[in-house]
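Novice: Sequence and predicted structure are below.
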Amino acid sequence: TPTPEPTPTPEPFVVQAVDVPPGEYEPWQEGYIEYLSQRIEKEAPLIQWAQTATREEIEADEEKWNAANRASYHYVLCDVDKDGIPELFIALGRLSSPTYECYTFRGGAVEYIGEVVETCAGFYTWPGENALLVSWGRMSYWGYSKYSIVNGELVCQGILHDEKLVDGEIVGHKEVEEVVPGAVPALWSYSRTDNDLEGEGPAAPLVLPVCDYEALSRQKNKPIEEAEVRSAIGRVLWEGAELVGVSGDGYTANVGTATMEEYLEKERIFTGSEEPLKVPRYAWADMNGDGQTDCVLFVGSTDIYGYTGTNYMILSVEDGTVYAYFYSCNLNGFAITSDGTVYFDCGFGEWGRESFYKNQCYRYPVPAPAEWDDLAWEKFN
């Protein structure tokens, strides 16, 4: 009788450690960083299980399935009561109408104070008042609601304005600025609970927006000289040196340590390109405004439907390591102004700028630049 082989012990599930930029942080920042990190560590195993669970496994543990589908997806930072500490709004689940749990930092701890339940919610600042403007949409009905913190709790103060679709036309439409003068989009970002099964494991929780709050763009104390940057990135591009691959847009894979050839191949598989990803041109610029030069690659691809896609990759040097941030969607190109500021063209008239540090990366909205030029692209050899 053959001896049965022992059942292999599964590897322990470990979320990547968070790379926090050096600096001095306020207690609320340290509290939010710790809270988000601990929350993602608990939720990531649930999400990984849900990605591969069979119908039988789901039916056998519906409670676990529901918990996975209500895990945190992205969060919003906005100082509602203007006390200098932004509230943390965490979206539960990936639906277009998630519930947003609201937290604040009190007495040295993160505290739950209420929630926002609005369809297709958008968050906007409310200058000079204890308030938050939330836009929403319900089928053929749209509007704006006001939220405030009253007696320590988040409270909806009612609908400020609504508009309807009548005979194919929107009646009574108002832009955000017309409802609340000076309102701008609140700082929001994906919290990256997505799990990358191809790379080093689940992506680290995204805490960089907390670190950056009201401090954008973040400047380096000692930027690396451009010649050294070009040399380090050049070894990756042309000599086979390794890089660390990070998803730039929250959709592509976090590959981890790989050569450029390996990284492009993994992203080719992830993006569904039938042909190898090609790099026809590249440019040098300070892509995140931190005072240090980076490199950006234009990466072309053709998917299974014959569509030629536009992808980009940013290469940045930190502590002797080259980090690569890959973007496969929601990015039409770049614009650079006379002072060297780089803007990201997100399409549909929307513009953004980027903040990244090691395994942390996100985009934040900004007004369109008044005048700009294209990057100084060079032919890639």
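Specialist: The structure has been received and is ready for your questions.

Novice: Residue 281 contacts residue 377, doesn't it?
Specialist: Yes. Shown here, residue 281 and residue 377 form a contact pair, counting by Cβ atoms under 8 Å, at 4.4 Å. The C-beta positions use only the backbone N, C-alpha and C, and glycine is treated the same way.

Novice: Now do the shared contacts for those two.
Specialist: Contact criterion Cβ atoms under 8 Å, 6 or more residues apart in numbering; residues shared by residue 281 and residue 377: residue 298.

Novice: Would you confirm that residue 171 contacts residue 161?
Specialist: No. Using Cβ under 8 Å, residue 171 is not in contact with residue 161, being 11.8 Å away.

Novice: More neighbours: which of these two?
Specialist: Taking neighbours as other Cβ atoms under 10 Å, residue 171 and residue 161 compare with residue 161 leading, 17 against 10.

Novice: The closest residue to the more buried one other than its chain neighbours sits in which helix or strand?
Specialist: Counting by Cβ to Cβ, 6 or more residues apart in numbering, residue 144 is the residue found nearest to residue 161 once chain neighbours are left out, at 5.0 Å. Using DSSP states H and E, residue 144 sits in strand 141-150.

Novice: what lines up beside that strand in the sheet?
Specialist: Strand 141-150 pairs in its sheet with strand 132-138 (antiparallel), strand 153-166 (antiparallel), by DSSP bridges.

Novice: Please convert the ones you listed to a markdown table, extending it with distance to residue 287.
Specialist: Shown next, in a markdown table, are the strands paired with strand 141-150 (distance: least, Cβ to Cβ, whole Å):
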| stretch | distance to residue 287 |
| --- | --- |
| strand 132-138 | 30 |
| strand 153-166 | 36 |
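
Novice: Check those for me and report the most buried one.
Specialist: Most buried of the strands paired with strand 141-150, by mean neighbour count (mean count of other Cβ atoms under 10 Å): strand 132-138, with a mean of 20.

Novice: Any chance you could list what contacts that strand?
Specialist: Contacts of strand 132-138 (Cβ under 8 Å, 6+ apart): 78, 80, 87, 116, 118-126, 142-148, 160, 176, 179-180, 183, 186.

Novice: Do you have the helices of this structure handy? List them.
Specialist: 27-52, 55-60, 62-69, 176-179, 208-212, 226-238, 260-271 (DSSP state H).

Novice: which one of these lies closest to residue 371?
Specialist: Taking Cβ to Cβ, helix 176-179 is the member of the helices of the chain nearest to residue 371, at 22.4 Å.

Novice: What helices and strands are in contact with that closest one?
Specialist: For helix 176-179, the elements it packs on are strand 132-138, judged by 3 or more Cβ pairs under 8 Å, 6 or more residues apart in numbering; DSSP states H and E.

Novice: For the strand it packs on, give the mean pLDDT please.
Specialist: Mean pLDDT, strand 132-138: 89.

Novice: same thing with stretch 209-226?
Specialist: The average pLDDT for stretch 209-226 rounds to 91.

Novice: Quick check, residue 326 in contact with residue 315.
Specialist: No. If you go by Cβ under 8 Å, residue 326 and residue 315 don't touch, sitting 10.3 Å apart.

Novice: follow-up on the earlier one: how about the strands paired with strand 141-150, which one is nearest residue 30?
Specialist: Shortest distance between residue 30 and the strands paired with strand 141-150, using Cβ to Cβ, is found for strand 153-166: 22.6 Å.

Novice: Residues touching that closest one, excluding its own?
Specialist: Taking contacts as Cβ under 8 Å, 6+ apart, the residues outside strand 153-166 that touch it are 80, 87, 102, 113-116, 131, 133, 140-149, 170-174, 179-180.

Novice: Then stretch 233-244?
Specialist: Applying Cβ under 8 Å, 6+ apart, the contact partners of stretch 233-244 are 232, 256-261, 263, 282, 295, 315, 317, 321-324, 358-359, 380-381.

Novice: ok, now stretch 368-378?
Specialist: The contact list for stretch 368-378 (Cβ under 8 Å, 6+ apart) reads 281-285, 296, 298, 333-338, 341-343, 349, 351.

Novice: The same query, at a cut-off of 10 Å, please.
Specialist: Stretch 368-378 has contacts (Cβ atoms under 10 Å, 6 or more residues apart in numbering) with 280-285, 287, 296, 298, 333-338, 341-343, 345, 349-351.
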